[in-house]
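In: how would this look folded up:
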Amino acid sequence: MSDKKKCGYIQKINAYIDGELSKKDLEEIKEHLKNCRFCQNEIRKLNSINQFLSSYKNNEVPEYLNQRILASVREISFEKNRGFLGKYVFKFSIAASVLFSFYSGILLSDIAFSSQQNSELEFGQETLYSYFEGVE
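Out: Reported below is the predicted structural model:
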């Protein structure tokens, strides 16, 4: 059984640290913490994580970088919306490629199977009896 399942108060630890418990629950968990080493260790771990995260600085992005990003987005957006010709030429070329591949496959399979049919017919003319005829 994992350690987290050993104590039923583990689910209230975050609320305790963040000060979100009611007065009744707060008094109950304070009393529990006097005797529960597992919950005490969890609080220490969570407090150290919170302390580390609070020391993390949120750096501002320079204005020139914002301008470059926005300009790139506008340029990409303009290229994407070039108008009627730009929108439909790409879709038409994909459809044409799919149709060409489909019809080429049909044509090539017809050629391949037509040459195999003759050899299959010749093999099919032999009977099982003629195969065993020479064996005594």
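
In: Count residues in the vicinity of residue 17, would you?
Out: Look at residue 17: counted by other C-beta atoms under 10 Å, it has 15 neighbours. For the C-beta atoms, the positions are set from N, CA and C on the backbone; glycine is no exception.

In: Show me what the strand or helix carrying it is in contact with.
Out: Taking DSSP states H and E as the criterion, residue 17 maps to helix 13-18. The contact list for helix 13-18 (C-beta atoms under 8 Å, 6 or more residues apart in numbering) reads 21, 25, 26, 29, 39, 42, 43, 46, 47, 50.

In: The spatially closest residue to the third one that is not a sequence neighbour and residue 10, how far apart?
Out: Think residue 26. Of all residues not flanking residue 26 in the chain, residue 16 sits nearest, at 7.1 Å (C-beta to C-beta, 6 or more residues apart in numbering). Residue 16 sits 10 Å away from residue 10, going by C-beta to C-beta, to the nearest Å.

In: ok, those two, which is more surrounded?
Out: Using other C-beta under 10 Å, the more surrounded residue of residue 16 and residue 10 is residue 16, with 21 against 15.
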